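S.K.: Here is my input; please provide its structure:
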Amino acid sequence: MTSTRNSINDAAVQEDPSPAVITPRPVMAKLPKYAAGKPPAVIEGLQPFKLSSNENPLPPLPEVLAAIHSQHNIQRYPDPLSTALRTELGRFLDVPAEDIVTGAGSLGALVQILQTFAGQNEDGSVDEVVYAWRSFEAYPIMVGLAGADSVQVPNREDGSHDLEAMVAAVTERTRVVLLCTPNNPTGPALTTAQVEDFLSKVPSDVVVVIDEAYTEFVREPEAVDGVSLYRNYPNVIVLRTFSKAHGLANLRVGYSVANQRLTQHLRVAATPFAVSSLAEDAAIASLKHYEQVMERVQSLVDERERVVAGLKDLGWKFPESQGNFVWLPLGDDAQDFAEFAGTQALSVRAFPGEGVRVSIGEVEANTRFLALCASYPKGPGAS
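M.R.: Model prediction:
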């Protein structure tokens, strides 16, 4: 009996066709892959430094670490609305708490915006999202996953947004425009006058996102302040994060600010419990000690200015940087430079064929980076 049953099973196996191949949505084949900054190579005798992810090299404030350590209800779900954090942010920004929607970093908040306002419509038509390029590399991925089409407008030669060209790229299909200021990875920031002029030319039913992930590092007096603008422009949404200046990248907490006619929809798209109570408590503690946060930020800005001055002394040409990074437009030599940096235990972020973004890190790391630029065989001082 057992023999007969085995024979039947063997025959069934032989007759079964090959398993069906499970394939993802077609859009997946069109999307670029997000390339996170790599850790530095280990080189004997050299302290390795990671300058590839625009991370804050300084740890969170002691008060923030204390707030994290005092969190004991990890077994409980967090408040899905991050009420305590939104209340604190409302006081800090002088805006209604109802105008704030939290997310898993500013990227999580952006995903909520795109899922809410851009994608494929019931009639099969596809919305468009306009943004400068090169800019934040997650943009085309998130736009594609939302079901919308990317319209990439090349940056100007100085690495800044070409706002006139972006206006010209807006069509009846455009639902969202992304402005990244300071622009990651090239560095320039937009001014208030530039953005107000842009908003005057864009239809009021197009959502304009002002992505200000690096706003605390900006020292340009005329730089735009998205929170000030959103008060007067109902189609503006501001993105901010605790990942950079506050040094909370690992905890993933960011937020958007918009008028309540927009936030009522964003809350529907928000991922439940995206911001943990751990992250919420840490962010609140950091806000309550904002002056100390900005003292640390200023130390990084001072280092950025030292690096910028050193690069200029060496003859390097690059865009103005208002973030915690500098951009070297190396073109076809980008990957070569990154590999050269690796021999000095420095990891930098190469964009092959375009350039290299180097984060401002520890003093020793920045000093070694300048020495690297002085000795790079293809640098401006090479014979």
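S.K.: what about the strands in the stretch 51-200 of the chain?
M.R.: Ranges of strands in the stretch 51-200 of the chain, per DSSP state E, counting those that start in this stretch, are 100-103, 128-133, 149-154, 174-180.
S.K.: what are the pairing partners of the first one, and which direction each?
M.R.: Note on strand 100-103: by DSSP bridges, its sheet partners are strand 254-257 (antiparallel).
S.K.: and the protein, what are its domains?
M.R.: According to automatic domain parsing, the chain comprises the domains 35-54+291-375, 62-288.
S.K.: and M28, which of the ones you listed is closest to it?
M.R.: Checking the domains of the chain against M28 by C-beta to C-beta gives domain 62-288 as the closest, at 8.3 Å. From N, CA and C alone the C-beta is placed, and that goes for glycine too.
S.K.: Can you report how many residues neighbour the residue nearest to Y233 when sequence neighbours are not counted?
M.R.: Spatial nearest neighbour of Y233, excluding adjacent residues (C-beta to C-beta, 6 or more residues apart in numbering): L199 at 5.4 Å. By other C-beta atoms under 10 Å, the residues close to L199 number 20.
S.K.: ditto for the one 4 residues further on
M.R.: Using other C-beta under 10 Å, P203 has 10 neighbouring residues.
S.K.: A strand includes it, no?
M.R.: No. Assessed with DSSP: H, G, I helix; E, B strand; the rest coil, P203 is coil; it does not lie in a strand.
S.K.: Wait, it touches V170, no?
M.R.: Yes. P203 is in contact with V170 according to C-beta atoms under 8 Å; the separation is 7.1 Å.
S.K.: what's the closest residue to Y376 other than its chain neighbours sitting at in phi/psi?
M.R.: Nearest non-adjacent residue to Y376, counting by C-beta to C-beta, 6+ apart: F340, 5.9 Å away. With angles defined as degrees, to the nearest 10, F340 sits at phi -60, psi -40.
S.K.: And the pLDDT at the residue nearest to S276 when sequence neighbours are not counted?
M.R.: Sequence neighbours aside, P78 is the residue nearest to S276 in space, at 5.2 Å (criterion: C-beta to C-beta, 6+ apart). On pLDDT, P78 comes in at 96.
S.K.: List the contacts of P78.
M.R.: Residues in contact with P78, defined by C-beta atoms under 8 Å, 6 or more residues apart in numbering, are 273, 275-277, 280.
S.K.: From E280, how far off is it?
M.R.: Look at P78 and E280: by C-beta to C-beta, to the nearest Å, they are 6 Å apart.
S.K.: With E196 instead?
M.R.: For E196, the distance to E280 - C-beta to C-beta - is 34 Å.
S.K.: For these two, work out which one has more neighbours and name it.
M.R.: Regarding E196 and E280, a neighbour count based on other C-beta under 10 Å identifies E280 as having more, with 23 against 13.
S.K.: Make JSON lines out of the domains of the chain and add distance to I22.
M.R.: Shown next, in JSON lines, are the domains of the chain (distance: least, C-beta to C-beta, whole Å):
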{"stretch": "domain 35-54+291-375", "distance to I22": "26"}
{"stretch": "domain 62-288", "distance to I22": "18"}
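S.K.: Identify whichever of those lies nearest to S18.
M.R.: If we rank the domains of the chain by C-beta to C-beta, the stretch that ends up nearest is domain 62-288, at 29.8 Å.
S.K.: what's the span of that closest one from first residue to last?
M.R.: Criterion C-alpha to C-alpha, to the nearest Å; first-to-last residue distance in domain 62-288 is 12 Å.
S.K.: just stretch 209-221 next, same as before
M.R.: 21 Å.
S.K.: what does that stretch rub up against?
M.R.: Contacts of stretch 209-221 (C-beta under 8 Å, 6+ apart): 54, 106, 110, 113, 136, 176-182, 184, 189, 191, 195, 224-226, 229-230, 236-241, 243-245, 254, 293-294, 297, 300-301, 304, 322-324.
S.K.: quick one, what contacts P188?
M.R.: 158-161, 181-182, 319-322.
S.K.: Just list the residues touching the nearest residue to K38 once chain neighbours are set aside, thanks.
M.R.: Leaving aside its chain neighbours, K38 sits nearest to S347 (5.3 Å; criterion: C-beta to C-beta, 6+ apart). Counting by C-beta under 8 Å, 6+ apart, S347 makes contact with 37-41, 48-52, 338, 341.
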